[in-house]
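Participant: Let's see this in three dimensions:
(2 chains)
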Amino acid sequence: MRAEAQALKGHLDVLLLAALEDGPRHGYAVKESLREGSGGRFDLPTGTVYPALHRLEGAGLIAGDWSVVDGRRRRTYQLTAAGERRLHADRGNWREFAAAVTAMLEPGPWPATT
Amino acid sequence: MAGHHLIDEYLADLGRRLPADRVDELADGLLETWQRLVRSGLAPADAARAAIVEFGTAEQITRAFVAQSPGRRIAVSMLASGPLVGACWGAGLITAKAWTWPVPTPAAAVFALTLLTVVAALISAATSRSSYRRTRLGAAGGLGIVVLDATMLVTVLLIAPVPVWPMYVAIPVSLARIGLTLRSLPRALTHE
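Facilitator: Residues are numbered from 1 along each chain as shown, chains lettered A, B, ... in the order given. Here you go, the predicted structure:
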């Protein structure tokens, strides 16, 4: 669902880091991981995932390496120690935020104001 | 290299816009996409069209790379910090009556011309939206700023008769800018 792309903007970095948590992946595999992990909701234009990976690499959160697969050059990324720390911190922040929003949105009794 | 002429044409378009390393990486992902779609039962031409749609237009990808390019980021940071550093040096030079210093006129003219050229290069890189080549000017401009800052520091050290107070601000600000720029430059020079 491409409409989700706009809503993803503020969370793309942490999602990309999470996609690399289980081990090294190349750009297309990262994109597929996002799509499959979200049940098809986060289906970004593939070409725009690569610049975001380069930005994370520039920030030292992931590291890229070239290899040759089926005669093609392939760049594979993995989390750095700084990337793991960022992922851990962002995940904690997200859980707190999501819990607060859920608490507000779930129907329930409101405190009496007399 | 590619599996279909539509993909070849698309990659050739990207090759005219982006550095070779970027295109190699995109080509790998695009061919993976195409192969997956062919395996799923699409005809090669239909799979190529669908893969290209899935990737986004060449213009869209180029704009995303331009926005993230290290050269453009350097240019934006140089232009953002430029007025502050310039104001510090301007105040220092005026307070110290720099026009009375024994600086040869041709040297001062070369400095001014270099400064204008560097600022023009930085503006060009920072305002680029769809030209990756223009973002490379950011690294050149950053290098120019380092040279200009160093020239100012050496000039003041060797020629200024008595340091004046605005220079006590300008000198550390310039040194900090040199340090930060030199830290960013290797990536901008090697990743473009």
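Participant: any idea of the pLDDT on residue 107?
Facilitator: Chain wasn't specified; assuming chain A. Residue A:107 carries a pLDDT value of 77.
Participant: Please refer instead to chain B.
Facilitator: Looking at residue B:107, its pLDDT stands at 92.
Participant: try residue A:112
Facilitator: At residue A:112, the pLDDT value in this model is 68.
Participant: Okay, the spatially most central residue of chain B and residue B:184: tell me how far apart.
Facilitator: For chain B, residue B:71 is the residue whose C-alpha lies nearest the centre (C-alpha atoms, centre = their mean; 1.9 Å). Distance, residue B:71 to residue B:184, by C-beta to C-beta, to the nearest Å: 10 Å. Yep, even glycine has a C-beta here, placed from its N, CA and C like the rest.
Participant: Now do the shared contacts for these two.
Facilitator: Common contact partners of residue B:71 and residue B:184 (C-beta atoms under 8 Å, 6 or more residues apart in numbering or on different chains): residue B:142.
Participant: The residue nearest to the centre of chain B touches residue B:136, doesn't it?
Facilitator: Yes: contact status for residue B:71 versus residue B:136: in contact at 5.2 Å, counting by C-beta atoms under 8 Å.
Participant: Quick check on residue A:78: phi, psi?
Facilitator: Per-residue torsions, residue A:78: phi -140, psi 160 (degrees, to the nearest 10).
Participant: Equivalent analysis for residue A:26, please.
Facilitator: Here is the backbone geometry of residue A:26 (degrees, to the nearest 10): phi -90, psi 170.
Participant: Bridge partners for it, pull those for me.
Facilitator: Beta bridges link residue A:26 to residue A:76, judged by DSSP bridges.
Participant: The helix or strand where residue B:146 lies close to chain A?
Facilitator: Assessed by DSSP states H and E, residue B:146 sits inside helix B:132-159. No: applying C-beta under 8 Å from any C-beta of the partner chain, one finds helix B:132-159 out of contact with chain A, separated by at least 10.6 Å.
Participant: Can you classify the residue of chain B most remote from its centre as helix, strand or coil?
Facilitator: Relative to the centre of chain B, the most outlying C-alpha is that of residue B:41, 44.0 Å out, by C-alpha atoms, centre = their mean. What DSSP: H, G, I helix; E, B strand; the rest coil gives for residue B:41 is coil.
Participant: quick revisit: please give me every residue in contact with the residue nearest to the centre of chain B.
Facilitator: Applying C-beta under 8 Å, 6+ apart, one finds that residue B:71 lies in contact with B:125, B:135, B:136, B:137, B:138, B:139, B:142, B:188, B:192.
Participant: Of all residues in chain A, which one is nearest the centre?
Facilitator: Centre-nearest of chain A using C-alpha atoms, centre = their mean is residue A:15, 0.8 Å out.
Participant: What is the burial count for residue B:91?
Facilitator: 16 (other C-beta atoms under 10 Å in any protein chain shown).
Participant: Check the secondary structure at it for me.
Facilitator: Here residue B:91 is recorded as helix under three-state DSSP.
Participant: That one touches residue B:98, doesn't it?
Facilitator: No: applying C-beta under 8 Å, one finds residue B:91 not in contact with residue B:98, separated by 10.9 Å.
Participant: Over to the residue farthest from the centre of chain B: give its phi and psi.
Facilitator: With angles defined as degrees, to the nearest 10, residue B:41 sits at phi 120, psi 0.
Participant: what sits against it?
Facilitator: So residue B:41 contacts nothing (C-beta under 8 Å, 6+ apart).
Participant: Please read off the pLDDT at it from the model.
Facilitator: Residue B:41 is given a pLDDT of 94.
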